[in-house]
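Colleague: next come a sequence and a model predicted from it.
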Amino acid sequence: MSDKKEVIICLGSSCFARGNKKTVQAITTYIKEHNLNDLVYFHGGHCFGLCDKGPIVKVGKTLFEDVDPINVLDVLAKELEE
Ligand code: FES
């Protein structure tokens, strides 16, 4: 594994239906616009078992709850730009 920062978006049916479908786009666009392709490994994941707290996105070792296409931008700004 490289030292890329891992970003996992839950694509389980609950999170996907409740907004992660759009959040995938938001994250993809953010990574592209900020030229983070070489620094970030972004991919989808299965249900984290936290559907009632979702939509879920995980950055590194940290889980974020109630993520939407807007607040995910703050999460990415904070977690990815050190
Ligand atoms: S579907 Fe995302 S935590 Fe279950």
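Modeller: On my side now, so go ahead. Residues are numbered from 1 along each chain as shown.

Colleague: next, residue 9: secondary structure please.
Modeller: State at residue 9, reduced to three classes by DSSP: H, G, I helix; E, B strand; the rest coil: strand.

Colleague: what bridges to it?
Modeller: Residue 9 forms beta bridges with residue 44, residue 57, as assigned by DSSP bridges.

Colleague: any idea of the pLDDT on it?
Modeller: In this model, residue 9 is scored at 98, pLDDT.

Colleague: residues in contact with it?
Modeller: Residues near residue 9 by Cβ atoms under 8 Å, 6 or more residues apart in numbering: 15, 20, 23, 24, 27, 42, 43, 44, 45, 56, 57, 58. For the C-beta atoms, the positions are set from N, CA and C on the backbone; glycine is no exception.

Colleague: ditto for residue 40
Modeller: 4, 5, 6, 7, 31, 80.

Colleague: scan the contacts of residue 9 and report the most crowded one.
Modeller: Neighbour counts for those peak at residue 57, which has 29 neighbours (criterion: other Cβ atoms under 10 Å).

Colleague: please name the residues that touch it.
Modeller: 7, 8, 9, 10, 20, 23, 27, 63, 64, 67, 72, 75.

Colleague: before we move on, back to that, between which two of the contacts of residue 9 is the distance greatest?
Modeller: 15 and 42 (15.3 Å; Cβ to Cβ).

Colleague: list the beta-bridge partners for residue 63.
Modeller: For residue 63, the beta-bridge partners are residue 58 (DSSP bridges).

Colleague: isn't it up against residue 49?
Modeller: No. Using Cβ atoms under 8 Å, residue 63 makes no contact with residue 49, being 10.7 Å away.

Colleague: which of the contacts of residue 9 come close to the ligand?
Modeller: Among these, the residues lying close to the ligand (Cβ under 6 Å from any ligand atom) are 15, 56.

Colleague: of the contacts of residue 9, closest to the ligand?
Modeller: The shortest approach to the ligand among the contacts of residue 9 belongs to residue 15, at 3.2 Å (Cβ to the nearest ligand atom).
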